[in-house]
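Trainee: From the sequence below, what's the structure:
(chains A, B, C, D, E and F)
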6 protein chains.
Amino acid sequence: MSTDKRLELGKKTLAQVDGTAADSVMAALQGIAPDVGKYIFEFAFGDIYNRTGLDFKQREMITITSLLTQGDTAAQLKVHIQAALNVGWTKNEIIETFIQCLPYVGFPKVLNAVNTAKQVFAKN
Amino acid sequence: MSTDKRLELGKKTLAQVDGTAADSVMAALQGIAPDVGKYIFEFAFGDIYNRTGLDFKQREMITITSLLTQGDTAAQLKVHIQAALNVGWTKNEIIETFIQCLPYVGFPKVLNAVNTAKQVFAKN
Amino acid sequence: MSTDKRLELGKKTLAQVDGTAADSVMAALQGIAPDVGKYIFEFAFGDIYNRTGLDFKQREMITITSLLTQGDTAAQLKVHIQAALNVGWTKNEIIETFIQCLPYVGFPKVLNAVNTAKQVFAKN
Amino acid sequence: MSTDKRLELGKKTLAQVDGTAADSVMAALQGIAPDVGKYIFEFAFGDIYNRTGLDFKQREMITITSLLTQGDTAAQLKVHIQAALNVGWTKNEIIETFIQCLPYVGFPKVLNAVNTAKQVFAKN
Amino acid sequence: MSTDKRLELGKKTLAQVDGTAADSVMAALQGIAPDVGKYIFEFAFGDIYNRTGLDFKQREMITITSLLTQGDTAAQLKVHIQAALNVGWTKNEIIETFIQCLPYVGFPKVLNAVNTAKQVFAKN
Amino acid sequence: MSTDKRLELGKKTLAQVDGTAADSVMAALQGIAPDVGKYIFEFAFGDIYNRTGLDFKQREMITITSLLTQGDTAAQLKVHIQAALNVGWTKNEIIETFIQCLPYVGFPKVLNAVNTAKQVFAKN
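Mentor: Model (predicted):
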């Protein structure tokens, strides 16, 4: 596949998964680091999200778990909690995903993620 | 629910999910920190794994993602990759879960997890 | 001990240690993830803080050290710096706890914790 | 070297590298944890930055990489992105440093660093 | 205080706190990075451990908590669990320190620390 | 650029930078997760290392700093310390890079990296 095709596919996939949730992230990159945006399209959404083996719902569950676990990711978690709602998870299942992390990461990271979810859920 | 019931339920759930994979972990705790083992039964498996909203397969996907992301968890990942196989994930889907983490954590943590999976897969 | 007793004991212990410092955290959980609040009461404060072997002062010193070290925990650190004052640590000893972490975590995490302490100390 | 000399040397070096970028950080420490400021002067800038073997440009490249990688360091990254500009890196090279981290830490930490750089670059 | 005095004081303090537990760490640094050893003496033990405000027992409790929390520190934790025993903590209190971290970091890091303690306790 | 070209370019670049240091990593991926190896070639070495703006020496300095800082990366650090030697850094400069991280990450991560370097240096 050519780089142009990967970029195109990535843009289409990101739109399908995130809807408009990532628009401001991508816009903010334009003036300063456009290639980071290009790699998000090509690698994250063109290459990875389009793989077979897992569906978009499962991929978003993995993504929000990874973001919650690493911490300092409120901005990215906001985009992907919205994406999780877009691909069919209920608010309840998203909170349940966070609760499943409790024994593995402890309360602080889960409290942070719940707080971020609160802001996203308020608009849905 | 009484503490006795939670302990009993946790033991039953851990056996159902992990099979014998956690036996050596639990045995190692006996001489030195038995209460940590008790809390794994009561809280992690009695309280959390038994919640409704997500099934065991989804819970194990979340767990291996969280362990991969936080790092320095090879011993725990070994138990939960086995658990993921036990509850019905294929080897391919487990690797695919790790690959979905690539854009969010980078290559080193994914390489570590693949290396741990290799050891578990060799026995299955 | 029944689950009801653990919940009751946890609520009493949290009030004793944190005073009203955790009120807004617990209130924020009500509409969205009340069970996370329940586990904080039952597990963190009912089970763990009530153990023998260490007193509340020592437990809060451990807690603020762990929060400083993991990072991205300003909200939780705020609650537990207040709790540390409540159970008898002086402002000086709290700063000294942070300084003891310097050789193990470096300056950035210590600077973040000092900054959070500044906000809590201003109200005490 | 006496402690007085290390302090003096550290102050001179920090001024040379950071310019006025760290002034507010150091001022904020005065009322609450002045010794943390003293150690930043003596140890970080007096001892470490003055070592031979690497120059200031290389040292700042290492510093911004380390801050980006550990996360939850926006305040410190702001100071050291300014310092990187002061010692001769271009805006482009700073962004390129962040992009080199992509395969090792993933997108979220790089996006956070780019966002912080945007605020610093706006003033330069 | 001169650098020579700090070095001397640091060596004395490390010997007092760690006993011989750090000998192999310091020896291993000699051929490759002796200045890292010098800074451990001067900064960690000369400057920080000798501060007033907290005693050695409290400082070691903070140190093992910070090491447990950041992860990938088995080698350092081994030294400081021994140091904690040296300055007067019981095995039980050390395990209790780890258990207090459970709500803040989750089970994996606590299990790793318990496992390391087991090796140290076996020699005491 | 076509995907084939990226793969080819990545293989050439990795060989140029790492020499044979990554051979065992790549071989280990073949039986279990070949696509992770493909992405290392295409994305890490094809896309990122081939960018203009920074040279290979600077890129390896960034890489070893990022690996040291995130922790639990001994296997990857081993490959990239060898790569740093390959592209022209001296052993002394590599240790100096680790020492520059001291104020930002503390002693444990630096000690781990020095220990890994010792193993690599012994073969060079």
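
Trainee: ok, A:Gly46 to chain F distance?
Mentor: Distance of A:Gly46 to chain F, computed by Cβ to the nearest Cβ, to the nearest Å: 10 Å. C-beta coordinates here come from the backbone N, C-alpha and C atoms, glycine included.

Trainee: Quick one: name the residues of chain A near chain B.
Mentor: For chain A, the residues in contact with chain B (Cβ under 8 Å from any Cβ of the partner chain) are A:40, A:43-44, A:48, A:51, A:53-54, A:58-59, A:61-63, A:65-70, A:76, A:92-93, A:96-97, A:99-105.

Trainee: Just the ones in helices from those, please.
Mentor: A:58-59, A:61-63, A:65-70, A:76, A:92-93, A:96-97, A:99-105 (DSSP state H).

Trainee: tell me the SS of A:Asp4?
Mentor: Here A:Asp4 is helix, with the state taken from DSSP: H, G, I helix; E, B strand; the rest coil.

Trainee: What's the separation between it and F:Lys5?
Mentor: Using Cβ to Cβ, to the nearest Å, A:Asp4 is found at 13 Å from F:Lys5.

Trainee: And for A:Thr73?
Mentor: Distance of A:Thr73 to F:Lys5, computed by Cβ to Cβ: 33 Å.

Trainee: between the two, which one's more packed in?
Mentor: Between A:Thr73 and F:Lys5, counted using other Cβ atoms under 10 Å in any protein chain shown, the more crowded position is A:Thr73 (29 against 13).

Trainee: residue contacts, the residue nearest to A:Glu93 when sequence neighbours are not counted?
Mentor: Closest residue in space to A:Glu93, ignoring its immediate chain neighbours: B:Gly53 at 6.0 Å, by Cβ to Cβ, 6 or more residues apart in numbering or on different chains. By Cβ atoms under 8 Å, 6 or more residues apart in numbering or on different chains, the residues touching B:Gly53 are A:92-93, A:96.

Trainee: Most neighbours among those residues, please name it.
Mentor: A:Glu96 (21 neighbours).

Trainee: surely that one meets B:Arg51?
Mentor: Yes - using Cβ atoms under 8 Å, A:Glu96 makes contact with B:Arg51 at a distance of 6.8 Å.

Trainee: Now the nearest residue to A:Glu60 once chain neighbours are set aside: which helix or strand?
Mentor: Closest residue in space to A:Glu60, ignoring its immediate chain neighbours: A:Ala84 at 4.4 Å, by Cβ to Cβ, 6+ apart. According to DSSP states H and E, A:Ala84 maps onto helix A:74-86.

Trainee: quick one: that helix to helix B:91-105, angle?
Mentor: 140 degrees (axes from the mean of the first three to the mean of the last three Cα atoms, to 10 degrees).

Trainee: Show the average pLDDT along helix A:74-86.
Mentor: Confidence for helix A:74-86, expressed as mean pLDDT, is 97.

Trainee: From the contact counts, what lies against it?
Mentor: Contacts defined by 3 or more Cβ pairs under 8 Å, 6 or more residues apart in numbering or on different chains; DSSP states H and E place helix A:74-86 against helix A:3-18, helix A:23-30, helix A:56-70, helix A:91-105, helix A:107-121, helix D:107-121.

Trainee: Give me whichever of those is most buried.
Mentor: helix A:56-70 (a mean of 25; mean count of other Cβ atoms under 10 Å in any protein chain shown).

Trainee: Which strands or helices does that one pack on?
Mentor: If contacts are counted by 3+ Cβ pairs under 8 Å, 6+ apart, helix A:56-70 sits against helix A:3-18, helix A:74-86, helix A:91-105, helix A:107-121, helix B:56-70, helix B:91-105.

Trainee: anything in the first one near chain F?
Mentor: Yes - in this structure, helix A:3-18 sits against chain F according to Cβ under 8 Å from any Cβ; the contacting residues are A:3, A:6.

Trainee: Contact residues of chain A facing chain E?
Mentor: A:102-108.

Trainee: Looking at the closest residue in space to A:Gly88 that isn't next to it in sequence now. What's its pLDDT?
Mentor: Spatially, and ignoring its direct neighbours in sequence, A:Gly88 is nearest to A:Lys57 (5.5 Å; Cβ to Cβ, 6+ apart). What the model reports for A:Lys57 is a pLDDT of 98.

Trainee: ok, now the one 4 residues further on?
Mentor: Per-residue confidence for A:Met61 comes out at a pLDDT of 98.

Trainee: Same check on the one 5 residues further on?
Mentor: The per-residue pLDDT reported for A:Ser66 equals 98.

Trainee: quick one: it from chain E, how far?
Mentor: From A:Ser66 over to chain E the distance is 15 Å, taken as Cβ to the nearest Cβ.

Trainee: Any idea which residue is closest to the centre of chain A?
Mentor: Nearest to the mean C-alpha position of chain A, by Cα atoms, centre = their mean, lies A:His80 at 2.8 Å.

Trainee: quick one, what contacts A:Val105?
Mentor: The contact partners of A:Val105, by Cβ under 8 Å, 6+ apart, come to A:68-69, B:66, B:70, E:105-106.

Trainee: Go again with 10 Å.
Mentor: A:65, A:68-71, A:98, A:113, B:66-67, B:69-70, C:70, E:104-109 (Cβ atoms under 10 Å, 6 or more residues apart in numbering or on different chains).

Trainee: try A:Glu8
Mentor: Going by Cβ under 10 Å, 6+ apart, A:Glu8 touches A:1-2, A:41-42, A:46.

Trainee: quick one: it from A:Val87, how far?
Mentor: Taking Cβ to Cβ as the measure, A:Glu8 falls 21 Å from A:Val87.

Trainee: same question, A:Ser66
Mentor: Distance of A:Ser66 to A:Val87, given as Cβ to Cβ: 16 Å.

Trainee: Sketch out the low-pLDDT regions of chain A for me.
Mentor: By pLDDT under 70, chain A has no low-scoring segment.

Trainee: Of all residues in it, which one is closest to chain C?
Mentor: Residue nearest to chain C within chain A (Cβ to the nearest Cβ): A:Gly71, separated by 3.9 Å.

Trainee: Tell me, how many residues neighbour the closest residue to that residue other than its chain neighbours?
Mentor: Ranked by Cβ to Cβ, 6+ apart and with sequence neighbours excluded, the top spatial neighbour of A:Gly71 is C:Asp72, at 3.9 Å. Other residues lying near C:Asp72 total 21 when counted by other Cβ under 10 Å.

Trainee: Report the secondary structure element holding C:Asp72.
Mentor: C:Asp72 belongs to no helix or strand when assigned by DSSP H and E.

Trainee: That one: what's it in contact with?
Mentor: Applying Cβ under 10 Å, 6+ apart, the residues near C:Asp72 are A:70-74, A:108-109, A:112, C:109, C:112, D:71-73.

Trainee: Apply 7 Å and report the result again.
Mentor: Going by Cβ atoms under 7 Å, 6 or more residues apart in numbering or on different chains, C:Asp72 touches A:71-72, A:112, D:71-72.

Trainee: Most widely separated two among the residues you listed?
Mentor: A:Asn112 and D:Gly71 (12.5 Å; Cβ to Cβ).

Trainee: For chain A, which residues are neighbours of chain C?
Mentor: Within chain A, the positions near chain C by Cβ under 7 Å from any Cβ of the partner chain are A:71-72, A:95, A:99, A:102, A:107-108, A:110-112, A:114-115, A:117-118, A:121.

Trainee: Let's see that with 8 Å instead.
Mentor: Counting by Cβ under 8 Å from any Cβ, chain A comes close to chain C at A:71-72, A:95, A:98-99, A:102, A:107-112, A:114-115, A:117-118, A:121.
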